[in-house]
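Colleague: Structure of the sequence below:
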Amino acid sequence: MKFECDDILVFKTPDKTSRSRISKVDGYVVKLFEENGSYRQMSKKGLEEMIRQGFVDLIKAKKP
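Modeller: Predicted coordinates for the structure are as follows:
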């Protein structure tokens, strides 16, 4: 699966959803900015698995 800068990830839980924007993909790590401005990172493999299981939706950034 290909992740790129500015793609949006929508994390779904039973009580809410949250969005994060991909700031950088660095090897096996995906760096994210949260809605509240905080920063976190996840493993690329873990994120791919969460998408496959339906816990996360990937919204591709529109290219000009």
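Colleague: Against which helices or strands is whichever strand in the chain runs longest packed?
Modeller: Counting residues, the longest strand found in the chain (DSSP state E) is strand 17-26. Other elements packing on strand 17-26 under the criterion 3 or more Cβ pairs under 8 Å, 6 or more residues apart in numbering; DSSP states H and E are strand 8-12, strand 29-34. Backbone N, C-alpha and C define where each C-beta goes, glycine included.
Colleague: any idea which of the ones you listed is most buried?
Modeller: Most buried of these, by mean neighbour count (mean count of other Cβ atoms under 10 Å): strand 29-34, with a mean of 16.
Colleague: I'd like the distance from that strand to the chain centre, please.
Modeller: Taking Cα atoms, centre = their mean, to the nearest Å, one finds strand 29-34 lying 7 Å from the centre of the chain it belongs to.
Colleague: cool, and stretch 55-64?
Modeller: 9 Å.
Colleague: list the contacts for residue 24?
Modeller: Counting by Cβ atoms under 8 Å, 6 or more residues apart in numbering, residue 24 touches 5, 30, 31.
Colleague: And the most centrally placed residue in the chain, what's its pLDDT?
Modeller: For the chain, the residue nearest the mean C-alpha position is residue 9 (3.6 Å; Cα atoms, centre = their mean). With respect to pLDDT, residue 9 has a value of 96.
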